[in-house]
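K.L.:
Only the shape, not the letters, is given here:
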């Protein structure tokens, strides 16, 4: 006779706990491809064809925050990052290779938690709905920079850097064609 025993995973934050998962439905099409979080508990989620979503209750509920992104390429999100200093300051990298002339391609910044977006780096393509969407994050804010140094790596358009908090017109291409 073979004996069976119930097994619970040990938690690194206390006593062992059973895992509980539940489905959360979003109105987006496509795939949920990544998250960005703030230490205050706010979460942002990016989709490959459906824009950005925000949760203010640690994932209990979600709302769409890509309302003023008016073109398809503006909803194809490849990268997402949130500032250390404020959960309201977020960046997204958007675009896709098969809509390569869409003016929405590039990096966008929101200062109000996704209520409105301003394009801060234009005419740079990201791979929001390409096969490359599974290759990881393409935006990063350098820790300890006061949220001033931001990097963006694009598909075929190189590595970009801003040292002024991502303000429009302050991005410079890094490494020549090395990262193209």
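P.N.:
Right, received. Where do you want to start? All figures in this text were calculated on a predicted structure; none of them were measured in a lab.
K.L.:
Need the residue closest to the centroid of the chain.
P.N.:
Taking CA atoms, centre = their mean as the criterion, residue 80 is the residue nearest the geometric centre of the chain, at 1.7 Å.
K.L.:
so how far is residue 20 from it?
P.N.:
26 Å (CB to CB, to the nearest Å). (C-beta placed from N, C-alpha, C; glycine too.)
K.L.:
which other residues reach stretch 40-48?
P.N.:
Residues from elsewhere that reach stretch 40-48, judged by CB atoms under 8 Å, 6 or more residues apart in numbering: 26, 28-37, 52-59, 62, 65, 75-80, 82, 87, 90, 92, 113-114, 128-129, 133.
K.L.:
Also stretch 160-168?
P.N.:
Stretch 160-168 has contacts (CB under 8 Å, 6+ apart) with 91, 107, 109, 118-121, 124, 145, 147-154, 170-174.
K.L.:
Which of these fall within strands?
P.N.:
Of those, the ones assigned to strands by DSSP state E are 91, 107, 109, 118-121, 150-153, 171-174.
K.L.:
Can you give me the neighbour number for residue 106?
P.N.:
For residue 106, the count of nearby residues is 26 (other CB atoms under 10 Å).
K.L.:
per-residue confidence at it?
P.N.:
pLDDT recorded at residue 106 is 92.
K.L.:
tell me the contacts of it?
P.N.:
93, 94, 95, 119, 120, 121, 122, 123, 124, 126.
K.L.:
try residue 121
P.N.:
Residue 121 neighbours (CB under 8 Å, 6+ apart): 106, 107, 152, 160, 162, 166, 168, 171.
K.L.:
Please report how far it lies from residue 71.
P.N.:
Counting by CB to CB, the separation of residue 121 from residue 71 is 16 Å.
K.L.:
nearest spatial neighbour of residue 66, skipping sequence neighbours?
P.N.:
In space, residue 66 comes closest to residue 51 once its chain neighbours are excluded; the distance is 3.0 Å by CB to CB, 6 or more residues apart in numbering.
K.L.:
The one you found: what's it in contact with?
P.N.:
By CB under 8 Å, 6+ apart, the contact set of residue 51 is 28, 64, 65, 66, 69, 74, 75, 77.
K.L.:
circling back to that earlier point, who does the helix or strand harbouring the residue nearest to the centre of the chain pair up with?
P.N.:
Element membership for residue 80, per DSSP states H and E: strand 77-82. According to DSSP bridges, strand 77-82 forms sheet pairs with strand 90-94 (antiparallel).
K.L.:
Need the residues that contact the strand it pairs with.
P.N.:
Outside strand 90-94, the residues that reach it (CB under 8 Å, 6+ apart) are 36, 44, 46, 52, 69, 73-83, 104-110, 113-114, 117, 120, 126, 128, 138-139, 141, 150, 152, 154, 166.
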